[in-house]
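Peer 1: need a 3D model of the sequence below.
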Amino acid sequence: MHSAAATNLVQYPCALPVRAMALQSRCTQDASARRLAHPIVAETVQHHVPWLNNIRRGRLRVRLRSAAVGVPQQQAIENTAAAATSAQPSEQNSNFQWLSHWYPVHTLESIDSSRPHAVELLGKQLVLWKSGPDGSWNCMEDVCPHRLAPLSEGRLESDGTLQCSYHGWRFNSSGRCTEIPQAIDDKAKAVACSSSRSSVITYPVKEAYGLIWVWPTAGPAAAAQAAAEPLPVSKGMLAAWCEGRNKGTWYRRELPYSWDILIENLSDPAHLPFSHHNLTPTLKRSKGSLMPFKVIDIPQSNSSEDQAARPAYCFKHQPPLIAFEFPSALSPGGRVCFTPPSTVVYEYDFGPYKQQTDLVAVPAGPGRSVAFTYGLSTVPRIDNAAILKALFTNPKQLPMLLARAVYQWQPAFSAHLNMNKLFDQDNVFLHMQDRQLALRGKSNWSSDYYMPAPCDGGVVAARRWADQALQSPLPDQTGKGSKPASEVISLTKEEAAAPRLPPQQLNDRYSQHTKHCTICQKALQKLQKRLQTLKAVVGLLVSGVAGLVFGLVVPSLLGVGSAAVGNSLAVAGGAAAALGVISAIVSFVLVPGAVNKIQQFEYVQFSHADNH
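Peer 2: Numbers count the residues shown, from 1 in each chain. Model prediction:
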């Protein structure tokens, strides 16, 4: 069982707090009021971040009411917005190729290897399957060439092939058809199986760092390119897995909104104390205030010196688009960076130790994305010897050690339930934001969004990058042509105009997570069996109480009144009372507790209005 990475704070990114990207401002306090001091101006930002040294584009229209903010604050906001919106990171996304990147599609720890799985990536419908217990994972188009049935509804055969359940055709890991039951003879079968028309398109796959990665381009040239391309993981992740510190658990959730909306959300620290109020002891609405940020100077070239100099929260082979340092309620030192197209990483200081959360936003299809989260830490693990030592040598350390031990030893499904709650709280905002932006036109965000605060600077930079990337081509759903990515992985106006999803569908934890996670499925099955057992116990207890009551009433009605019988009736009455109390505890405490726990894997009603 997983420990949720030394503390729940590692796996639980909002507790850090996470998802923070913005431009720098300095906070000053005097006796009269707290206000913004002058933040860095565009020239200072450009000095720190080379990708800002590009042609200036039109500035975001910041509509400020001078009566609402003082002159220094107004000037600070205007300067910060100008600095953020002047960014044109041409090196990061000019001629951006969506199909020339590795994307995670599932987790090795939580996927069921006994069956095929339907996944969606960049508008492509794909099927993941493992060729035998000791085989490797494969990825193909989720279409049988016979009659276009989904192969993800098929089954795995003992010879390591994938069988289409419609007519029994079988395919090996290279996509070649190996069996056509309806063929009239072996010769006809051999001819049909050797035809390219009976084959399925396959894609390169890698299994690394706890994830199954897919390269969404087929063919020998694509395989060679994929083999030469490093996986998009942070240096901290690389080190943790190489050094055996990969004690965390990957969390995966399918989300009802587009990839760019998810990237925006991961780039926004200001929503944390409001959207996630009471989610952790450190997240309170009362803490929602000014957030000063400082741009971090990250080496930009791919020389060996610059790669070695990049910090643990960056990729070794690719510099981030944006990186910032900020203070948080949890740690005096926090850093966050966004590396296109999908990865946001946070790092926090805790004395000599560091904690890191990696978040990946994968574009699935129009109005659909997949989020992955993972926490890791350099904090040493707590063992029994350390607890015993503290008990006799330094008792004051005992509460802290015990708290760390509890988080360290908690099962993986507990961390997943925590993440379920986090995404539930954001889904209602992001689902409707996605629709509103699609109805108004995504290219109009700079006029439709009103972002006067400096902490929105990171959102502006990420949004600018996404704007350009969404204009790069992607194959359409037929696979025979291409369209701008915005027409393949973003909502159309017609789709956005549909009625909003009901809460039960919007926050359907079972369909979005539990259904695809063997860790949570096993925990859910245990709870369901426990509930059945508790209900059976209640039935037995009620029967026992009824029998004892019957034994008390009948002698009374018959007028039996000897001393011995009286003593027996007294004992029976006491037993009936005890059984009644136990039955009540099981019925009104244990059974509702099990039902509540089961609901956490399926659907939990949540309202921000009731989150006091």
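Peer 1: where's Pro104 relative to Ala405, distance?
Peer 2: As for Pro104, its distance to Ala405 is 31 Å (criterion: C-beta to C-beta, to the nearest Å). C-beta: built from backbone N, CA, C; applies to glycine.
Peer 1: in terms of neighbours, single out the busier of the two.
Peer 2: Shown here are Pro104 and Ala405; by other C-beta atoms under 10 Å, Pro104 has more neighbours (25 against 19).
Peer 1: Thr378 and Arg245 touch, don't they?
Peer 2: Yes: using C-beta atoms under 8 Å, Thr378 is in contact with Arg245, at 7.2 Å.
Peer 1: ok, which stretches of the stretch 351-500 of the chain are helices?
Peer 2: Here the stretch 351-500 of the chain has its helices, by DSSP state H, counting those that start in this stretch, at 384-393, 398-409, 412-440, 445-448, 457-469, 486-489, 493-496.
Peer 1: which of those helices sits most buried?
Peer 2: helix 457-469 (a mean of 24; mean count of other C-beta atoms under 10 Å).
Peer 1: that helix: how far from the chain's middle?
Peer 2: Centroid separation between helix 457-469 and its chain, computed with C-alpha atoms, centre = their mean, to the nearest Å, is 21 Å.
Peer 1: mind saving the C-alpha coords of that helix as CSV?
Peer 2: The C-alpha atoms that make up helix 457-469 are tabulated as CSV, following Å, rounded to 0.1, in the frame of the first residue of the first chain:
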residue,chain,number,x,y,z
GLY,A,457,0.0,37.1,-15.1
GLY,A,458,0.8,33.4,-15.3
VAL,A,459,-2.6,32.6,-16.6
VAL,A,460,-2.1,35.3,-19.3
ALA,A,461,1.2,33.8,-20.4
ALA,A,462,-0.2,30.2,-20.4
ARG,A,463,-3.3,31.3,-22.3
ARG,A,464,-1.2,33.1,-24.9
TRP,A,465,0.8,29.9,-25.5
ALA,A,466,-2.4,27.8,-25.7
ASP,A,467,-3.9,30.2,-28.2
GLN,A,468,-1.0,29.7,-30.7
ALA,A,469,-0.8,25.9,-30.0
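Peer 1: give me the mean pLDDT for it.
Peer 2: Taken as a whole, helix 457-469 has a mean pLDDT of 89.
Peer 1: can you tell me which strand in the protein is longest?
Peer 2: strand 353-365 (DSSP state E).
Peer 1: for that strand, list every residue counted as buried.
Peer 2: Neighbour-count burial for strand 353-365 flags 354-365 (criterion: 16 or more other C-beta atoms under 10 Å).
Peer 1: next: stretch 214-232.
Peer 2: So, applying 16+ other C-beta under 10 Å, buried residues of stretch 214-232: 214-218, 222, 226, 231-232.
Peer 1: same thing with stretch 519-529?
Peer 2: Buried, per 16+ other C-beta under 10 Å, within stretch 519-529: 519-521, 523-524, 527.
Peer 1: low-confidence ranges, the stretch 301-450 of the chain, go.
Peer 2: 329-330, 400 (pLDDT under 70).
Peer 1: could you pull out the strands for the stretch 51-200 of the chain?
Peer 2: Counting by DSSP state E, counting those that start in this stretch, the stretch 51-200 of the chain has strands at residues 103-107, 117-121, 124-130, 137-141, 155-156, 162-163, 170-171, 177-179.
Peer 1: dump these to TSV, plus distance to Phe372 and mean pLDDT.
Peer 2: Formatted as TSV, these follow (distance: least, C-beta to C-beta, whole Å; pLDDT from 0 to 100):
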stretch	distance to Phe372	mean pLDDT
strand 103-107	6	98
strand 117-121	13	98
strand 124-130	15	97
strand 137-141	16	97
strand 155-156	25	96
strand 162-163	25	98
strand 170-171	28	98
strand 177-179	33	97
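Peer 1: now do the contacts for Ser234.
Peer 2: Residues in contact with Ser234 (C-beta atoms under 8 Å, 6 or more residues apart in numbering) are 312-315, 343, 345, 356, 358.
Peer 1: that one - nearest residue in space that isn't next to it in sequence?
Peer 2: Excluding the flanking residues, the one nearest Ser234 by C-beta to C-beta, 6 or more residues apart in numbering is Val345, at 5.0 Å.
Peer 1: any idea how far that neighbour is from Ala221?
Peer 2: 31 Å.
Peer 1: ditto for Pro116
Peer 2: 27 Å.
Peer 1: how about Thr217, what does it touch?
Peer 2: With C-beta under 8 Å, 6+ apart, Thr217 has these contacts: 99-100, 203-204, 225-226.
Peer 1: how near is it to Pro366?
Peer 2: Taking C-beta to C-beta, one finds Thr217 at 21 Å from Pro366.
Peer 1: and Ala240, how many neighbours?
Peer 2: 24.
Peer 1: which strand or helix spans it?
Peer 2: helix 235-242 (DSSP states H and E).
Peer 1: helix or strand right after that helix?
Peer 2: Taking DSSP H and E, what comes next after helix 235-242 is strand 251-255.
Peer 1: show me what the helix or strand following that following strand is in contact with.
Peer 2: Using DSSP H and E, the helix or strand that follows strand 251-255 towards the C-terminus is helix 259-266. Residues outside helix 259-266 that contact it (C-beta under 8 Å, 6+ apart): 18-19, 255, 271, 338, 342, 344, 359, 361-364, 369, 371, 426, 430, 433-434, 437, 442, 459, 462-463, 466, 470, 489-490.
Peer 1: all the helices of the stretch 501-612 of the chain, residue numbers only.
Peer 2: Using DSSP H, counting those that start in this stretch, helices in the stretch 501-612 of the chain cover 503-506, 509-512, 518-558, 563-585, 591-599.
Peer 1: which helices and strands does the second one pack with?
Peer 2: When contacts are defined as 3 or more C-beta pairs under 8 Å, 6 or more residues apart in numbering; DSSP states H and E, helix 509-512 packs onto strand 251-255, helix 412-440.
Peer 1: which one of the ones you listed lies nearest to Asp610?
Peer 2: helix 412-440 (12.1 Å; C-beta to C-beta).
Peer 1: and the angle from that closest one to helix 591-599?
Peer 2: Inter-element angle recorded for helix 412-440 and helix 591-599: 50 degrees (by axes from the mean of the first three to the mean of the last three C-alpha atoms, to 10 degrees).
Peer 1: first vs last residue of stretch 324-331, how far apart are they?
Peer 2: 15 Å (C-alpha to C-alpha, to the nearest Å).
Peer 1: repeat that for stretch 437-451.
Peer 2: 15 Å.
Peer 1: in the stretch 451-600 of the chain, where is pLDDT below threshold?
Peer 2: Using pLDDT under 70, the stretch 451-600 of the chain drops low at 477-479, 545, 547-576.
Peer 1: and the stretch 1-150 of the chain, by the same measure?
Peer 2: Low-confidence segments of the stretch 1-150 of the chain (pLDDT under 70): 1-94.
Peer 1: mind running it again at 50?
Peer 2: 1-91 (pLDDT under 50).
Peer 1: now do the strands for the stretch 251-400 of the chain: every range, in order, please.
Peer 2: Using DSSP E, counting those that start in this stretch, strands in the stretch 251-400 of the chain cover 251-255, 294-295, 322-326, 334-339, 343-350, 353-365, 368-377.
Peer 1: would you list the ones you listed in JSON lines and tack on distance to Ser303?
Peer 2: Listed next are these as JSON lines, based on distance: least, C-beta to C-beta, whole Å:
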{"stretch": "strand 251-255", "distance to Ser303": "35"}
{"stretch": "strand 294-295", "distance to Ser303": "22"}
{"stretch": "strand 322-326", "distance to Ser303": "18"}
{"stretch": "strand 334-339", "distance to Ser303": "18"}
{"stretch": "strand 343-350", "distance to Ser303": "22"}
{"stretch": "strand 353-365", "distance to Ser303": "24"}
{"stretch": "strand 368-377", "distance to Ser303": "27"}
